[in-house]
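Visitor: Can you look at this prediction? I've put the sequence above it.
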Amino acid sequence: MRVIEIRNGKGDARALQPGERPVPDVWPGEVLIRVRAAGINRPDILQRKGLYPPPPGASDILGLEAAGEIEAVGAGVTRWLPGDRVCALLGGGGYAEYAAVDARHALPIPAGLDFVHAAALPETAFTVFTNVFEDGRLEAGETLLVHGATSGIGVMAIQAARAAGARVIATSRGAAKAEAALGLGAEVSIDAEDGRFLEAVRDAGGADVVLDMVGAAYAGQNLQALKPGGRWVVIAFQSGNLAEVDLARLMRGRLTLTGSTLRGRDADEKARLAEAVEARLWPWVADGRVRPVVDKVFPLEEAAGAHAHLESGVHTGKVVLRVG
Ligand SMILES: NC(=O)c1ccc[n+]([C@@H]2O[C@H](COP(=O)([O-])OP(=O)(O)OC[C@H]3O[C@@H](n4cnc5c(N)ncnc54)[C@H](OP(=O)(O)O)[C@@H]3O)[C@@H](O)[C@H]2O)c1
């Protein structure tokens, strides 16, 4: 099958080159997906650079999500049949014509979505669901502060929080992105190009939950932006992982600081999450309150260009590879 390999060392996007690999075996409990589209995520760039190795047992091929048709079904799988249209959360292996995955990590493609838009869903849906609604415990009527508002994750977080009846305060770097976040449903959208957002968040009443992909540079303001009982949920530290935290503020405010990664979770935990995402978030996709926003589509063979586009930071929403 055709795949994208990381050639000539790691680093530059041009290291991504088409190659050939055997079609994966289908083990009991797995399905083989004929991939039609694969979503690109920021962690793929880290993996390309050698900074985010695949967990044990995962494919070394990039790609954390894909959509397509079931090609074959492993022993013991009863939910899926060949030909079913699915999208799936993958431990790796999406940048390829076929991907094998635990059958429990596949979800039906919501009605009305094509493969490209379906491939843009799993990684952001699972990540936002577990971080905002499980660890962040965001409730209707509360306020979510989300940074990187126009990122793949940010776009999902804004829409999902709104669908759940919460308010959203968004930050992004640049006036055009701040404008886009308003269009996606943020009630308050802050251009934080100069790195400052605290005053505007306070003026808007503060936040119950912060979804933080920035890390060190925003840490002090995040802590100050939270209302009593607030939850600060870290999913990345793009400005650095070492931050000074005022523990007195944490204690006085009864604040919670937590964080996690999705990829390293075990298969049963991802299966549990898949069920929860299908029950809670899929209906919002079906009724249009959450819609995958696809910025640009590249053919699989042009994965290098797709990575360069994501790295340029000009996108709003997702960048997707079309396969075959
Ligand atoms: N923990 C997990 O389980 C998990 C799972 C998936 C993704 N993630 C992380 O979530 C983040 C978003 O992923 P994605 O695929 O949606 O990425 P993406 O579309 O490439 O977006 C990255 C975003 O990060 C923002 N950003 C980067 N550096 C920043 C800085 N120094 N200060 C402020 N904002 C900064 C950018 O904001 P501007 O556009 O405003 O410049 C951009 O919107 C990534 O860091 C990724 O690694 C974590």
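Guide: In hand now; what should we look at?
Visitor: what's the domain layout of the chain?
Guide: 2-121+263-322, 126-259 (automatic domain parsing).
Visitor: Now render these as CSV, adding mean neighbour count.
Guide: For every residue, glycine as well, the C-beta is placed using N, CA and C. Below are the domains of the chain laid out as CSV (neighbours: other Cβ atoms under 10 Å):
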stretch, mean neighbour count
domain 2-121+263-322, 19
domain 126-259, 20
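Visitor: Bridged to the closest residue to Gly152 other than its chain neighbours, which residues?
Guide: Among residues not flanking Gly152 along the chain, Lys318 sits closest, at 4.7 Å (Cβ to Cβ, 6 or more residues apart in numbering). Lys318 has these beta-bridge partners by DSSP bridges: Val294.
Visitor: possible to save the domains of the chain as a markdown table with distance to the ligand and mean pLDDT?
Guide: Formatted as a markdown table, these follow (distance: least, Cβ to the nearest ligand atom, whole Å; pLDDT from 0 to 100):
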| stretch | distance to the ligand | mean pLDDT |
| --- | --- | --- |
| domain 2-121+263-322 | 3 | 96 |
| domain 126-259 | 3 | 98 |
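Visitor: can I assume the residue nearest to Gly152 is in contact with Thr124?
Guide: Yes: using Cβ atoms under 8 Å, Lys318 is in contact with Thr124, at 7.4 Å.
Visitor: can you list residues touching both of the two?
Guide: Counting by Cβ atoms under 8 Å, 6 or more residues apart in numbering, the shared contacts of Lys318 and Thr124 are Gly152, Val155.
Visitor: Please tell me how far the residue nearest to Gly152 sits from Lys296.
Guide: 9 Å (Cβ to Cβ, to the nearest Å).
Visitor: which residues does Met1 contact?
Guide: Met1 neighbours (Cβ under 8 Å, 6+ apart): Glu20, Arg21, Pro22, Val23, Ala96, Glu97, Tyr98.
Visitor: and with 6 Å instead?
Guide: Arg21, Val23, Ala96, Glu97, Tyr98 (Cβ atoms under 6 Å, 6 or more residues apart in numbering).
Visitor: With Gly154 instead?
Guide: Val146, Gly148.
Visitor: From the contact counts, what lies against the helix or strand encompassing Gln221?
Guide: For Gln221, the host element (DSSP states H and E) is helix 216-225. Applying 3 or more Cβ pairs under 6 Å, 6 or more residues apart in numbering; DSSP states H and E, one finds that helix 216-225 contacts helix 198-203, strand 207-212.
Visitor: ok, then the element right after it?
Guide: strand 226-234.
Visitor: Any chance you could list what contacts that next one?
Guide: Contacts of strand 226-234 (Cβ under 6 Å, 6+ apart): 131, 135-136, 206-212, 222, 253-259.
Visitor: ok so Ala118 is a helix residue?
Guide: Yes: Ala118 forms part of a helix when assessed by DSSP: H, G, I helix; E, B strand; the rest coil.
Visitor: when you give positions from now on, start the count at 48
Guide: Sure, I'll start counting at 48 from here, so that last one is Ala165.
Visitor: my read: it touches Gly115, true?
Guide: No: using Cβ atoms under 6 Å, Ala165 is not in contact with Gly115; the gap is 8.8 Å.
Visitor: can you give me the helices in the stretch 198-347 of the chain?
Guide: 199-210, 222-231, 245-250, 263-272, 294-299, 314-327, 329-333 (DSSP state H, counting those that start in this stretch).
Visitor: how far out from the middle of the chain is the third one?
Guide: Spelled out, it's helix 245-250. 27 Å (Cα atoms, centre = their mean, to the nearest Å).
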